[in-house]
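Chemist: below: sequence and its predicted model.
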Amino acid sequence: MWIFILIVLAVVIYFVMSQASSSNQASKASSRTQANQVDYSSLQVDYSNLEVSLESSISTHYSYTRLRDLLAEGKWREADEETGRVMLSVASLAVERKVQAGEYKDGRVPDYSRIIGMADYFPCADLSTIDRLWLKYSNGRFGFSVQKRIISELGEDALSLLSFKKRGKGTDSQVLKERIELGKEFIKRIGWYDPDNVGQHTKKYNDLTFTIQAPYGHLPTGNYWREGRGGLWKNKPANDFALLDILNRLSSCGIAL
């Protein structure tokens, strides 16, 4: 009888300790995730009265009125997709004009279906307008300049290293390791990190958080494709390389918080 009671007690104790261990591990994991998402609220500036022009600098055919309205209504996902639609249109026109003038230096045929490769020619005035609209209606929580500030806090050369503008020091394997760690830290800070996505570690576009409660710098994205490609890209990892292209253009335009 006593042996039976001792066995039951041992099973109960083992079960309780296992539950406590699992709970502790989950708590630690949650703490690590929260630690990577930096809170900038103490440094936040009131952007609500920021004045922003809604006209494109490159053509009277484009306007940022719809983007302004979506942001004002807090429709963050729709605003992000509208940002992409207008950015692609403006970038395509800017690149086309460079091609016609013989000033397109890429050497490859422009890919007008996405922003990658065209960001270097994006009009600074339009980029500033888009950034200021996001800053204004998120009150400093979202915007390309917010993302640029976050990445700059990882190191003076972090943006150049991640976008291959600078090689870095050490052997090829050391440089690659540094880039991987920098990239992972950046997407953790802006809330794009997905530990279950082995290899890329980036959330799918559809899994991003399209609310004002999202981490600082979570939006806008650089995941812009022509609608003709369908919505398949939205079920793929968010393209942080496209975002890096835009942030580099931000630097060359001198746009910063």
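Modeler: Ah, there it is.
Chemist: low-confidence regions, the stretch 101-250 of the chain specifically.
Modeler: Judged against pLDDT under 70, the low-scoring parts of the stretch 101-250 of the chain cover residues 198-199, 225-231.
Chemist: that one: helices as residue ranges?
Modeler: Here the stretch 101-250 of the chain has its helices, by DSSP state H, counting those that start in this stretch, at 124-138, 144-152, 158-162, 172-189, 240-253.
Chemist: now mean neighbour count and distance to residue 61 too, for the ones you listed, in TSV please.
Modeler: For glycine as for every other residue, the C-beta is placed from the backbone atoms N, C-alpha and C. Listed next are the helices of the stretch 101-250 of the chain as TSV, based on neighbours: other C-beta atoms under 10 Å; distance: least, C-beta to C-beta, whole Å:
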stretch	mean neighbour count	distance to residue 61
helix 124-138	22	13
helix 144-152	22	23
helix 158-162	21	32
helix 172-189	16	35
helix 240-253	20	21
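Chemist: how about the ones you listed in JSON lines, adding distance to residue 89?
Modeler: Written out in JSON lines, the entries for the helices of the stretch 101-250 of the chain read as follows (distance: least, C-beta to C-beta, whole Å):
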{"stretch": "helix 124-138", "distance to residue 89": "10"}
{"stretch": "helix 144-152", "distance to residue 89": "18"}
{"stretch": "helix 158-162", "distance to residue 89": "26"}
{"stretch": "helix 172-189", "distance to residue 89": "27"}
{"stretch": "helix 240-253", "distance to residue 89": "15"}
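Chemist: quick one, which of these gets closest to residue 111.
Modeler: Of all those, the one in closest proximity to residue 111, counting by C-beta to C-beta, is helix 240-253 (11.4 Å).
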